[in-house]
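>>> sequence? don't have it. structure:
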């Protein structure tokens, strides 16, 4: 054998050996052979909750596309944190999670001794859906629009009350973001559910509240509540007749606050697996039937790349961190 041919054969053998040593984690193997068994998707909320329903809408078509069962497991607790922690114990390459934004953006500030770091322990896969909040008041409120509401709040600092679904919740932090942006001061009254918030607004026990459109719209249709604005950057199909808050009543044109749901993996997950999942999830989120089902439960489909989700996590962590600083400083 000529020397050049011998060297080529040796090089080819070396490459083959390296590929074999790399094992099932190589991109080619993952792309062709994964998944090799059932896929687990942990949801940090109870069965029947909005995040659980969303996860099941996504995982049913995902199973068809992957050719393996996709099993949803509910691990509720600590606002979704328990679910993320449970996912991180999975080391089989087939364990993932869907989560709302809190466990990835605010939990480091709000949960004592959090056992994971979202920046280093989580691999973003895909943003699934977003949900803006609406600002609702009693239908008999003297505030006919957002400008009137801000004027009313400025006329009596600290007198207006607003409800949320708990200290540190998205509704609470959104209201405090709104307070700072509008230059007003309202008193926070925490509840445990949007149903309690809407009931208290309708009963004139509190003045206002930021809430999911799905919680508010039945009251609007009943004529007992008025919606003054929505926190999305653009008009939302979740509440198409409600004007955006951004740019109104002296608020900045870039005012925006959204809740979101994402698909995540443990850090160290093979990039080829993440790419495969992202591709399949984006295809699902562009299916019109899925889009309509998500809208029906209060979520707007939001396909994108892992990098898009990473950027969203970083931006929201910074934004909500600043809000938490202000809340803690004010004792709210």
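Done, it's in. Worth saying up front: this structure is predicted, and the values here are computed from it rather than measured.
>>> what about residue 162, which helix or strand?
strand 161-164 (DSSP states H and E).
>>> run the chain-centre distance for that strand.
Relative to its parent chain, strand 161-164 has a centroid offset of 22 Å by CA atoms, centre = their mean, to the nearest Å.
>>> each with direction, which strands does that strand pair with?
strand 187-190 (parallel), strand 208-211 (parallel) (DSSP bridges).
>>> what are the buried residues along the first one?
Think strand 187-190. 188, 189 (16 or more other CB atoms under 10 Å). C-beta: built from backbone N, CA, C; applies to glycine.
>>> in the stretch 1-150 of the chain, where is pLDDT below threshold?
Filtered on pLDDT under 70, the stretch 1-150 of the chain yields the residue ranges 1-32.
>>> ranges for the strands of it?
39-43, 70-74, 95-100, 122-132, 134-138 (DSSP state E, counting those that start in this stretch).
>>> what's the angle from the first one to strand 70-74?
Per axes from the mean of the first three to the mean of the last three CA atoms, to 10 degrees, the angle that strand 39-43 makes with strand 70-74 is 30 degrees.
>>> helix or strand for the residue nearest the centre of the chain, which one?
In the chain, the centroid-proximal residue (CA atoms, centre = their mean) is residue 260; its distance is 2.1 Å. Secondary structure assigned from DSSP H and E places residue 260 in strand 258-266.
>>> partners of that strand in the sheet?
strand 95-100 (antiparallel), strand 122-132 (antiparallel).
>>> let me know the next secondary structure element after it.
As the chain continues past strand 258-266, the following element, by DSSP H and E, is helix 271-285.
>>> still on that earlier bit, export the strands paired with strand 258-266 as a markdown table, with columns for distance to residue 278 and mean neighbour count.
Shown next, in a markdown table, are the strands paired with strand 258-266 (distance: least, CB to CB, whole Å; neighbours: other CB atoms under 10 Å):
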| stretch | distance to residue 278 | mean neighbour count |
| --- | --- | --- |
| strand 95-100 | 12 | 25 |
| strand 122-132 | 5 | 25 |
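>>> now those strands as a markdown table including distance to residue 56?
Output for the strands paired with strand 258-266, formatted as a markdown table (distance: least, CB to CB, whole Å):
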| stretch | distance to residue 56 |
| --- | --- |
| strand 95-100 | 10 |
| strand 122-132 | 12 |
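>>> to residue 291, which of those strands lies closest?
With respect to residue 291, and counting by CB to CB, the nearest of the strands paired with strand 258-266 is strand 122-132 at 9.4 Å.
>>> and the residue lying closest to residue 252 once chain neighbours are set aside, how many neighbours?
Ranked by CB to CB, 6 or more residues apart in numbering and with sequence neighbours excluded, the top spatial neighbour of residue 252 is residue 181, at 6.0 Å. Look at residue 181: counted by other CB atoms under 10 Å, it has 18 neighbours.
>>> returning to what we had before: now distance to residue 164 too, for the strands of the stretch 1-150 of the chain, in a markdown table please.
A markdown table is the format used below for the strands of the stretch 1-150 of the chain (distance: least, CB to CB, whole Å):
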| stretch | distance to residue 164 |
| --- | --- |
| strand 39-43 | 23 |
| strand 70-74 | 24 |
| strand 95-100 | 15 |
| strand 122-132 | 15 |
| strand 134-138 | 12 |
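>>> between these, which gets nearest to residue 236?
strand 122-132 (5.3 Å).
>>> mind checking how far the closest one is from the chain centre?
Counting by CA atoms, centre = their mean, strand 122-132 comes out at 6 Å from the chain centroid.
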